[in-house]
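Colleague: need a structure here:
(chains A and B)
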Amino acid sequence: GAGVSQSPRYKVAKRGQDVALRCDPISGHVSLFWYQQALGQGPEFLTYFQNEAQLDKSGLPSDRFFAERPEGSVSTLKIQRTQQEDSAVYLCASSLGLARGYEQFFGPGTRLTVL
Amino acid sequence: TQLLEQSPQFLSIQEGENLTVYCNSSSVFSSLQWYRQEPGEGPVLLVTVVTGGEVKKLKRLTFQFGDARKDSSLHITAAQPGDTGLYLCAGVRSNFGNEKLTFGTGTRLTIIP
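Modeller: Numbering: from 1, shown residues only, chains lettered A, B, ... in the order given. Coordinates of the predicted model:
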């Protein structure tokens, strides 16, 4: 596809369940970002990959959050033992990266609801 | 924690009116971007401003970056129903190779036909 895709688009989890959210970036994009957007708020940075290397994970809210991009393309954000405060839209963005000024292209997001 | 405050948070106006949205921070950014987000979609980039005092126009939208590169404004002339959406500013602190975005709190704009 031409854009960033994310799956699933919607996920409902019971508190305590583990979830995995997938991001397919635009082909050839080096940089990949994950953001968390709470209802009525702007997105907040979670983590950043350059190819397969996770260079910044300063935004991950707890050690229950884990992200990977093993082959430098598809990325997975995993949340263990989900809590109600994890309910949010999780956005993935990719860019050509490595230099200033490259536009980040966002996927449609995965809306996670934890009951 | 949102470091960029946007005002107003909500704005509902009649078609044809003008409006201004503000984005303010105590921090300096190397550049600032404005996005529009539709329900169920990710943010889409409208413009990037880089130089303090810079003004950019995109049809009926005018964007300005403050002289000190801490604040910005978005002005819409003769608003149309198609302008309805969530407007987000985002600051970039250039950390070479990692241009993570710091988003504002958002302004939800509704244009009434």
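Colleague: Would you point out which residue of chain A is nearest chain B?
Modeller: As assessed by C-beta to the nearest C-beta, chain B sits closest to A:F106 within chain A, at 2.9 Å. To be clear about C-beta, it is placed using only N, CA and C from the backbone, and glycine gets the same treatment.
Colleague: Got phi/psi on that residue?
Modeller: A:F106 adopts backbone torsions of phi -100, psi 150, taken as degrees, to the nearest 10.
Colleague: quick one: it and A:A93 touch, right?
Modeller: Yes. Assessed by C-beta atoms under 8 Å, A:F106 is found in contact with A:A93 at 4.6 Å.
Colleague: Residues of chain A that sit close to chain B?
Modeller: Proximity of chain A to chain B is confined to A:4, A:31, A:33, A:35, A:40-45, A:48, A:50, A:55-56, A:59, A:91, A:93, A:95, A:97-104, A:106-109 under the rule C-beta under 8 Å from any C-beta of the partner chain.
Colleague: Let's see that with 6 Å instead.
Modeller: Residues of chain A lying near chain B by C-beta under 6 Å from any C-beta of the partner chain: A:42-43, A:45, A:48, A:50, A:55-56, A:91, A:98, A:100, A:103, A:106-109.
Colleague: From the residues you listed, which one has the minimum pLDDT?
Modeller: Ranked by pLDDT, these bottom out at A:R100, which scores 59.
Colleague: In contact with the residue of chain A closest to chain B, which residues are there?
Modeller: Counting by C-beta atoms under 6 Å, 6 or more residues apart in numbering or on different chains, A:F106 touches A:L91, A:A93, B:G42, B:P43.
Colleague: Try it again at 10 Å.
Modeller: Shown in contact with A:F106 (C-beta atoms under 10 Å, 6 or more residues apart in numbering or on different chains): A:3-4, A:6, A:33, A:35, A:43, A:91-94, B:35, B:37, B:41-45, B:101.
Colleague: Is the closest residue to chain A within chain B in a helix, a strand, or coil?
Modeller: Per C-beta to the nearest C-beta, the residue of chain B with the smallest distance to chain A is B:G42, at 2.9 Å. Here B:G42 is coil, with the state taken from DSSP: H, G, I helix; E, B strand; the rest coil.
Colleague: again with B:V21
Modeller: Secondary structure, three-state DSSP: B:V21 is strand.
Colleague: give the contact list for it.
Modeller: Contacts of B:V21 by C-beta under 10 Å, 6+ apart are B:6-8, B:11, B:34, B:63, B:72-76, B:87-89, B:104, B:106-107, B:109.
Colleague: Could you pull up the contacting residues of B:G66?
Modeller: Listed by C-beta under 10 Å, 6+ apart, the contact partners of B:G66 are B:22-25, B:28-29, B:32, B:49, B:52-54, B:72-73.
Colleague: what does A:A2 give?
Modeller: The contact partners of A:A2, taken as C-beta under 10 Å, 6+ apart, are A:I26, A:S27, A:F105.
Colleague: give the contact list for the first one.
Modeller: For A:I26, the contact set (C-beta under 10 Å, 6+ apart) comprises A:G1, A:A2, A:G3, A:V4, A:S5, A:L32, A:A93, A:S94, A:S95, A:L96, A:F105, A:G107.
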